[in-house]
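>>> Provided below for reference: sequence and predicted model.
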Amino acid sequence: MVRAVAAMVELRSISKVFGNFTALQEVSFEIKEGEFMTFLGPSGCGKTTCLRLISGFDTPTKGQVFIGGKDVTFDPPYRRDVNQVFQSYALFPHLTIADNIAFGLRMKKVPSAEIKRRVDNVIGMTALEQFVHRKPAQLSGGQRQRVALARAIVCEPKVLLLDEPLSALDAKLRTQMRVELKQLQKKLGITFIFVTHDQEEALTMSDRVAVLNNGRVEQIGTVNEIYYKPATRFVATFIGETNIIEATVLSRGSRTVRCRLEGGLELEVASVDPTHEGKILLSLRPEKVRLSRNKPEGRNVFPGRISAEIFKGAVDDITLVVEGGLELGALLTNDGQEEYDFHEGESVFCRIQPEDINIVAS
Ligand SMILES: Nc1ncnc2c1ncn2[C@@H]1O[C@H](COP(=O)(O)OP(=O)(O)OP(=O)(O)O)[C@@H](O)[C@H]1O
């Protein structure tokens with residue numbers, strides 16, 4: 001018999017109003033067991049509010065919260081199989097690292113032999129062996145971060161909530177901790193819900209990302225979907241660099257539409273959606289603009305002039321002027337091949353695959 005597997009966490013038509021301000025509006029999504037889900041969005045978009053409704057530190061104005069298939073909308077935090085790692089880590093300064101980690105289990109009156117076994121296990125997992133007798137003040141930011149994580153996972157919650165846990169770390173440590181966190185999550189198989197406003201952080205660690213804006217979910221998808229198939233202008237511009245271009249649909253083929261871009265350039269754009277008609281908005285990632293000196297074969301080939309070139313190490317950031325004065329950004333990898341080494345003032349041919357252009361909602 002096939003049994004439907006309930007989502008580990010589900011928010012169903014959630015709205016949250018503070019006074020006369022709506023912080024979340026009709027938010028619905030499901031998070032699967034063992035998934036690394038990230039809430040990504042600018043400051044004030046409602047990420048922390050979402051997290052607080054899942055942890056039980058707050059209740060929704062409307063809608064329901066389910067954890068493990070059970071309606072927990074009005075259950076207090078201690079009745080939910082959820083643990084949280086805070087931005088500030090919230091460690092007890094007077095306790096040693098080992099005692100900080102054991103604290104939650106002692107509160108739950110877990111037998112001491114079991115506490116020792118579980119604490120030793122997470123200390124190994126988070127590489128904290130040499131610090132167990134120190135106090136939090138004697139650790140670096142990254143080490144403190146690991147203690148906060150160890151303290152949360154030792155309780156073996158089904159869901160771990162992480163509210164910008166890397167924000168206090170310097171850039172290098174942040175990058176390192178991203179990899180460690182992701183590896184740890186895979187090893188533990190716990191559902192992680194991670195909050196950040198840093199798109200790079202979201203792209204490196206998550207299985208799926210929910211992009212929030214103004215209290216609404218703009219898009220939920222895998223990191224690839226969010227990056228390569230952004231649904232809205234906001235998602236396309238918030239994550240990575242993109243060219244946003246206004247266009248008009250001229251005609252429809254079986255899998256593409258022919259569009260006239262602002263300035264007059266005509267291009268074919270992948271589309272099977274019949275609602276794509278009249279005025280539309282296009283998103284084009286700069287690394288998808290191919291340049292060459294000789295005219296290439298294929299569709300969507302057009303001339304352009306390089307009006308600016310900025311060297312950025314691994315890549316060159318290029319501005320092109322094409323038909324009708326339209327400016328397009330292009331990114332080229334600096335791999336040392338002269339064939340792809342273009343300079344300001346040069347005339348070039350541009351080529352864009354129809355499927356590399358996305359029609360986005362405004
Ligand atoms: N208790 C409250 N009373 C009134 N307004 C609140 C309350 N809590 C949050 N808000 C408002 O709700 C909105 C969403 O807040 P939230 O903390 O969820 O944002 P966020 O996306 O986590 O932002 P940040 O990245 O800055 O932490 C904000 O405009 C905030 O001012």
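That came through, no problem.

>>> Would you mind confirming that Ile115 is in contact with Phe103?
No. Using C-beta atoms under 8 Å as the test, Ile115 is too far from Phe103 to be in contact (9.9 Å). Yep, even glycine has a C-beta here, placed from its N, CA and C like the rest.

>>> got the residue ranges for the helices in the stretch 201-350 of the chain?
In the stretch 201-350 of the chain, the helices defined using DSSP state H, counting those that start in this stretch lie at 223-228, 233-238.

>>> Identify the residues contacting the last one?
Contacts to helix 233-238, defined as C-beta atoms under 8 Å, 6 or more residues apart in numbering, come from residues 40-42, 199, 211, 213, 218-219, 226, 230, 242, 244, 281, 283, 358, 360-362.

>>> follow-up on the earlier one: ranking the helices of the stretch 201-350 of the chain by burial, who's on top?
Comparing these by mean neighbour count (mean count of other C-beta atoms under 10 Å), helix 233-238 ranks first with a mean of 22.

>>> Centre of the chain to that one, how far?
Distance, stretch centre to chain centre, for helix 233-238: 12 Å (C-alpha atoms, centre = their mean, to the nearest Å).

>>> CA-only coordinates of that helix, as CSV, when you get a sec.
Once non-C-alpha atoms are left out, helix 233-238 reads as follows in CSV (Å, rounded to 0.1, in the frame of the first residue of the first chain):
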residue,chain,number,x,y,z
ARG,A,233,11.1,40.7,-11.8
PHE,A,234,11.8,40.8,-8.1
VAL,A,235,13.3,37.2,-8.0
ALA,A,236,15.3,37.8,-11.2
THR,A,237,16.9,41.0,-9.8
PHE,A,238,17.3,40.0,-6.1
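
>>> Just the mean pLDDT for it, thanks.
Mean pLDDT, computed over helix 233-238, is 95.

>>> That one and the ligand, any residue contact?
No. Helix 233-238 does not reach the ligand (C-beta under 6 Å from any ligand atom); its nearest approach is 12.6 Å.

>>> Out of the helices of the stretch 201-350 of the chain, which gets nearest to Gly124?
Nearest of the helices of the stretch 201-350 of the chain to Gly124, taken as C-beta to C-beta: helix 223-228 at 29.9 Å.

>>> quick one, what contacts the nearest residue to Gly221 once chain neighbours are set aside?
In space, and not counting its chain neighbours, Gly221 is closest to Arg208: 6.3 Å by C-beta to C-beta, 6 or more residues apart in numbering. Neighbour list for Arg208: 31, 35-38, 220-223 [criterion: C-beta under 8 Å, 6+ apart].

>>> Could you count how many residues lie near the closest residue to Gly264 other than its chain neighbours?
Nearest residue to Gly264, sequence neighbours excluded (C-beta to C-beta, 6+ apart): Gly324, at 4.0 Å. The number of residues packed near Gly324 is 11, by other C-beta atoms under 10 Å.

>>> my read: Gly324 touches Glu246, true?
No. Gly324 is beyond contact range of Glu246, at 12.0 Å (criterion: C-beta under 8 Å).

>>> Common neighbours of the two, please.
Between them, Gly324 and Glu246 share these contacting residues under C-beta under 8 Å, 6+ apart: 261-262.

>>> what residue is smack in the middle of the protein?
Ala202 (3.1 Å; C-alpha atoms, centre = their mean).

>>> circling back to that earlier point, would a markdown table of the contacts of Arg208 with distance to the ligand be doable?
What follows is these, written out as a markdown table (distance: C-beta to the nearest ligand atom, whole Å):
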| residue | distance to the ligand |
| --- | --- |
| Ile31 | 17 |
| Glu35 | 20 |
| Phe36 | 19 |
| Met37 | 15 |
| Thr38 | 12 |
| Ile220 | 16 |
| Gly221 | 19 |
| Thr222 | 22 |
| Val223 | 19 |
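
>>> Out of these, who's the most crowded?
Thr38 (27 neighbours).

>>> Using PDB, write down the CA coordinates of the helix or strand hosting it.
Element membership of Thr38, judged by DSSP states H and E, is strand 36-40. The C-alpha trace of strand 36-40 is given here as PDB (Å, rounded to 0.1, in the frame of the first residue of the first chain):
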ATOM      1  CA  PHE A  36      17.300  22.200   3.500                       C
ATOM      2  CA  MET A  37      14.900  25.100   2.900                       C
ATOM      3  CA  THR A  38      15.900  28.700   2.900                       C
ATOM      4  CA  PHE A  39      13.700  31.800   3.400                       C
ATOM      5  CA  LEU A  40      15.400  34.500   1.400                       C
END
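
>>> Mind giving me the packing neighbours of it?
helix 47-55, strand 191-196, helix 199-205, strand 208-213 (3 or more C-beta pairs under 8 Å, 6 or more residues apart in numbering; DSSP states H and E).

>>> Distance from the chain centre to that strand, please.
That offset, for strand 36-40, works out to 6 Å (C-alpha atoms, centre = their mean).

>>> Help me confirm that Asn334 comes into contact with Ile310.
No. Counting by C-beta under 8 Å, Asn334 stays clear of Ile310, with 11.6 Å between them.

>>> which one of these two has more residues nearby?
Asn334 (13 against 10).

>>> for that one, what are its contacts?
Asn334 touches 311, 313-316, 341, counting by C-beta under 8 Å, 6+ apart.

>>> In the stretch 251-362 of the chain, which residue sits nearest the ligand?
Ala361 (21.4 Å; C-beta to the nearest ligand atom).

>>> related to what we said a few turns ago, tilt between the strand holding Thr38 and strand 191-196?
20 degrees (axes from the mean of the first three to the mean of the last three C-alpha atoms, to 10 degrees).

>>> Give me the mean pLDDT for strand 36-40.
96.

>>> CA-only coordinates of the worst-scoring helix or strand of the chain on mean pLDDT, as CSV, when you get a sec.
Lowest on mean pLDDT, DSSP states H and E among the helices and strands of the chain sits helix 171-188, with a mean of 84. Extracted C-alpha coordinates of helix 171-188, given in CSV (Å, rounded to 0.1, in the frame of the first residue of the first chain):
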residue,chain,number,x,y,z
ALA,A,171,33.4,36.7,5.2
LYS,A,172,36.0,33.8,5.1
LEU,A,173,34.5,31.9,8.1
ARG,A,174,31.0,32.4,6.7
THR,A,175,32.0,30.7,3.5
GLN,A,176,33.6,27.8,5.4
MET,A,177,30.6,27.4,7.8
ARG,A,178,28.2,27.2,4.8
VAL,A,179,29.9,24.1,3.6
GLU,A,180,30.1,22.6,7.2
LEU,A,181,26.5,23.4,7.9
LYS,A,182,25.3,21.7,4.6
GLN,A,183,27.5,18.6,5.3
LEU,A,184,26.2,18.4,8.9
GLN,A,185,22.6,18.7,7.7
LYS,A,186,23.1,15.9,5.1
LYS,A,187,24.7,13.7,7.8
LEU,A,188,21.9,14.3,10.3
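
>>> Okay then, goodbye and thanks.
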